[in-house]
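Asks: Let's see this in three dimensions:
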Amino acid sequence: MTDSKNINILIIDDEEIVRETIKAAMEYFGHKVLVASHGKEGINLFSKSQSSIDLVILDYNMPGENGLSVLKSLKDIAPDIQVIISTGIVDNEIEKKFMEAGAAGILAKPFTLTSLEQTISKVYTSKIPPVSKIDSSKTTDHQDRISAEY
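Replies: Predicted coordinates for the structure are as follows:
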């Protein structure tokens, strides 16, 4: 999929099935993955391992600290870290807040593994982090769709 192999990715998502599915897929694509089940754990893990993390996939809606708060904390630690926001709630106001806070991409749930890998590739290979939104409802490859029960 992506030309960039061995990207070190931190996944911060409170839903185990989503976290583990993304982890397995990213490892299949050749990436190294760390996982955190909530914002505080993700911030602590990032703080300890920031020099070896290339990219973060961050869930927006988590108990405790929400994704926007976690994004700001990650950016305080490492302003250049690229963060892709994974969310089932996408509207202009939320998107604007994430853009202003420095998100490199927004990925609408449910998404396909293909669209996730494409977003990672686009964000990781860009010198200037883009703000992109992939509308997974327009994808035709339903076989690799992540279907987490909410």
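Asks: I'd guessed residue 101 sits against residue 75; true?
Replies: Yes: Residue 101 is within contact range of residue 75, at 6.7 Å (criterion: C-beta atoms under 8 Å). The C-beta positions use only the backbone N, C-alpha and C, and glycine is treated the same way.
Asks: Please identify the buried residues of the helix or strand containing residue 93?
Replies: Taking DSSP states H and E as the definition, one finds residue 93 inside helix 92-101. By neighbour count with 16 or more other C-beta atoms under 10 Å, helix 92-101 contains the buried residues 94, 95, 98, 101.
Asks: just these now: which is nearest residue 71?
Replies: Comparing these against residue 71 with C-beta to C-beta picks out residue 101 as the nearest, at 5.1 Å.
Asks: Spatially nearest residue to that closest one (excluding sequence neighbours)?
Replies: Of all residues not flanking residue 101 in the chain, residue 71 sits nearest, at 5.1 Å (C-beta to C-beta, 6 or more residues apart in numbering).
Asks: residue contacts, the one you found?
Replies: Residues counted as contacts of residue 71 (C-beta atoms under 8 Å, 6 or more residues apart in numbering) are 58, 83, 85, 98, 101, 102, 103.
Asks: And it, what's its pLDDT?
Replies: Residue 71 carries a pLDDT value of 96.
Asks: quick one: contacts for the residue positioned nearest the centre of the chain?
Replies: Centroid-nearest residue in the chain: residue 57, 1.8 Å away (criterion: C-alpha atoms, centre = their mean). Going by C-beta under 8 Å, 6+ apart, residue 57 touches 9, 10, 11, 12, 13, 22, 83, 84, 86, 107, 116, 120.
Asks: Going through those, which ones are buried?
Replies: 9, 10, 11, 12, 13, 22, 83, 84, 86, 107, 116, 120.
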